[in-house]
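J.: generate coordinates for the sequence data below:
(one chain, ligands or ions: 1)
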Amino acid sequence: MRKKIVAGNWKMNTTVPEGIELAKQVVARAAETPANVGLIVATPFTHLASVAEAIKGSKVELAAQNCADHTSGAYTGEVSVAMLKSVGCKWTILGHSERRQYYGETDEKLVVKTQLALAEGIGVILCVGENLDEREAGRHFDVVSAQIKNVLYNFTAEDMKKIVVAYEPVWAIGTGKTATAEQAEEIHACIRKVLADKFGAQVAEDTTILYGGSCKPSNAKELFAQKDIDGGLIGGAALKADDFIGIALSY
Ligand code: PGA
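T.: The predicted structure follows:
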């Protein structure tokens with residue numbers, strides 16, 4: 001059975017001391033969550049080493065929110081996957097819509113970043129999702145399918161073991177407007193089909209596909225009950241340990 005995951009994307013929130021405190025609060029309640037539900041916290045780069053300490057010995061795993069598209073060298077301001085690995089990161093989020101929108105993250109760059117992450121044994125949480133105009137034009141299936149193909153069709157079935165997909169409709173992120181369980185499920189099923197077309201039914205069946213966008217304890221249960229939804233990528237609600245754990249307890 002494919003793994004369920006609840007991952008917190010802290011974005012650019014909390015100071016380091018606040019982040020350590022939040023991580024400790026998550027750890028304190030992590031054992032309450034079902035054994036088959038993985039917990040991940042994706043912190044700012046500055047927090048990674050300290051949060052790695054705070055989560056040691058717990059089921060909580062550490063993620064970055066991005067990585068460089070080069071291995072090392074003269075790339076001022078960038079952080080390589082080897083650096084992430086050296087502080088105990090197991091994962092990196094890639095292709096979040098905020099990075100696509102504000103920092104020029106393209107599918108081509110995401111292919112390179114995914115290659116580099118996998119080469120270091122870092123798992124990838126690849127975000128995809130349509131914006132409001134695309135949804136209103138009825139193009140959401142095409143947009144999401146293209147994002148999946150443009151990035152993941154460059155990889156192998158073996159690589160897919162280290163890749164999680166997160167469907168995050170841009171219009172639902174931080175807006176309080178959650179996709180309905182039906183809207184989310186139909187895209188998740190479509191993503192699984194696009195994966196099956198390239199990698200075969202078993203790989204598609206084994207791939208964890210998360211939903212993200214205004215997911216909270218009050219709506220997680222209905223979302224997670226859908227056949228193709230395997231957990232959540234949580235923004236705002238991940239900044240409160242009780243809400244984050246509450247979401248994981250929806251399983
Ligand atoms: P949100 O963010 O839960 O605050 O909507 C989700 C995300 O962007 O990962």
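
J.: now do the SS call for the spatially most central residue of the chain.
T.: By C-alpha atoms, centre = their mean, the chain has its centre lying nearest to Ile125, at 4.1 Å. Following DSSP: H, G, I helix; E, B strand; the rest coil, Ile125 is assigned to strand.

J.: so Ala64 touches Ser86, yeah?
T.: No - the criterion here is C-beta atoms under 8 Å, and Ala64 misses it with Ser86 at 11.7 Å. Yep, even glycine has a C-beta here, placed from its N, CA and C like the rest.

J.: residue of the chain nearest the ligand, please.
T.: Gly235 (2.2 Å; C-beta to the nearest ligand atom).

J.: for that residue, grab phi and psi.
T.: Torsion angles at Gly235 (phi, psi; degrees, to the nearest 10) stand at phi -90, psi -100.

J.: where's it relative to Leu152, distance?
T.: Distance, Gly235 to Leu152, using C-beta to C-beta, to the nearest Å: 23 Å.

J.: quick one: residues contacting the residue of the chain closest to the ligand.
T.: Counting by C-beta atoms under 8 Å, 6 or more residues apart in numbering, Gly235 makes contact with Asn9, Lys11, Ile173, Gly174, Gly212.

J.: isn't the second one right up against Tyr102?
T.: So the one you mean is Lys11. No - Lys11 is beyond contact range of Tyr102, at 11.6 Å (criterion: C-beta under 8 Å).

J.: so between these two, which is more surrounded?
T.: Neighbours per residue, other C-beta atoms under 10 Å: of Lys11 and Tyr102, the larger number sits with Lys11, 19 against 9.
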